[in-house]
Structures are given as C-alpha cells and as structure tokens.
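# what shape does this take:
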Amino acid sequence: MANASDEFRLASSGIDHEGRLPRKYTGDGQGTKRDISPPLEWYNVPEGTKSLALVVEDIDAPDPNDSLVPWTVWVVVNIPPSLKGLPEGFSGKEENMGGDYANIKEGHTDFKVPGWRAPKMPSPGHRFEFKLYALDDELNLGNKVTKEKLLEAIEGRVVGEAVLMAVN
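Numbering: from 1, shown residues only. Presented below is the predicted three-dimensional model:
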C-alpha cells in the first residue's frame, strides 16, 4: 500500500487553510484582481505519464431547471509532466511563457471562451472541483478544446487522478 506521501496529489497555495477560493480568482473580484487563475502544484506524478490534463468545475452550479449541473470553469491540456505546477495568473499567458509551457492549451469553458473563468457567485458555498488527470499520451484535440472532447479522448488513457476541492 503506497503511503500518502507517495500519492499523486494536487494542491494550491492560493486556497486558504479553510479550503476557500479567494474572490480574486472569481468574477466577484475587483478590476484586475478578478478572474485570475489560482496557482496549482502537484506531487508524485505517476510513472508512465506523458501529459497532464486539468478540468475545474463549479459542481454546485444551479441549472435553470433547478438541478445542479457542473459548470466548467477551466480546461487545460498537454501540460508536460516535467512541470511541477502552474503559477498564479497563468491563464491566457501560456504563449508568452515558452519553454515547457509552450504546448499547453487552454480549452473552452461553459462561458464558451478559453481560459479560466469562475462565475460570479449568486450564493456562497459553491464547491469547486479541480481534477488533474495523468495520461499515457499527449492529446491532439484540434483548435477548440472542450471538457466533453477531453473526457472522450482520455478514456482508457488515465494512469492517475488527483482531486482538490475548494469552496467560494
């Protein structure tokens, strides 16, 4: 049995010790201090991982018909396993960063635009689920990446998953 220190884990120094996602990371922030993607760090990427993919969802988003449907906040694919994380404010800047960041691609959210977009919160207490997939291959999903395309493409390719929860 692997102990917890060997476990594939996802963490964020931007989420406070109570597990809260600060306002600057959502549509509730002010001016330039809003819709900033939070910093993420990961540990113990499984052996055989060729790329990482991230899906972030607000899992308490209300549907107009009153049921809860996850709202996609961020999709990121082709993250090289050599990276140990993504810096705060990474979203929208990957092309300028070069190096290991050069092939990373951000997908479209449920706002129909690429990049990190956390909705304005009608009520507090929404849970955000950050899910990092370790994959045995790189993905080629074309120009418009979506969560649906990603989840279809990774079937049978996942060598590990790490989940982080945060609350607004």
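# next SSE downstream of the helix ranked longest in the chain?
Taking DSSP state H as the criterion, the chain has its longest helix at helix 147-153. Downstream of helix 147-153, the first helix or strand assigned by DSSP states H and E is strand 158-167.
# how distant is the longest helix of the chain from the center of its chain?
14 Å (Cα atoms, centre = their mean, to the nearest Å).
# once you drop chain neighbours, what's closest to residue 86?
Setting aside the residues directly before and after it, residue 86 is nearest to residue 40 in space (Cβ to Cβ, 6 or more residues apart in numbering), at 4.9 Å. (Each C-beta comes from the backbone N, C-alpha and C, glycine too.)
# didn't the one you found look like it was pressed against residue 83?
No: judged on Cβ atoms under 8 Å, residue 40 makes no contact with residue 83 at a distance of 9.9 Å.
# between the two, tell me which one has more neighbours.
Legend: neighbour count by other Cβ atoms under 10 Å for residue 40 and residue 83, higher for residue 40 (27 against 17).
# for the residue nearest to residue 86, what are its contacts?
By Cβ atoms under 8 Å, 6 or more residues apart in numbering, the contact set of residue 40 is 10-12, 54, 85-86, 130, 132, 164.
# compare those and tell me which is most surrounded.
For these, the largest neighbour count, defined by other Cβ under 10 Å, is 25 neighbours, found at residue 86.
# that one and residue 145, how far apart?
Noted for residue 86: a distance of 16 Å to residue 145, by Cβ to Cβ, to the nearest Å.
# swap in residue 25?
21 Å.
# residue 40 too?
18 Å.
# all strands for this structure, in order.
9-11, 40-43, 51-58, 71-79, 85-86, 105-106, 127-135, 158-167 (DSSP state E).
# as JSON lines, the ones you listed with mean pLDDT and distance to residue 92 would be great.
Formatted as JSON lines, the strands of the chain follow (pLDDT from 0 to 100; distance: least, Cβ to Cβ, whole Å):
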{"stretch": "strand 9-11", "mean pLDDT": "97", "distance to residue 92": "21"}
{"stretch": "strand 40-43", "mean pLDDT": "98", "distance to residue 92": "15"}
{"stretch": "strand 51-58", "mean pLDDT": "96", "distance to residue 92": "15"}
{"stretch": "strand 71-79", "mean pLDDT": "95", "distance to residue 92": "11"}
{"stretch": "strand 85-86", "mean pLDDT": "97", "distance to residue 92": "12"}
{"stretch": "strand 105-106", "mean pLDDT": "94", "distance to residue 92": "7"}
{"stretch": "strand 127-135", "mean pLDDT": "96", "distance to residue 92": "18"}
{"stretch": "strand 158-167", "mean pLDDT": "96", "distance to residue 92": "20"}
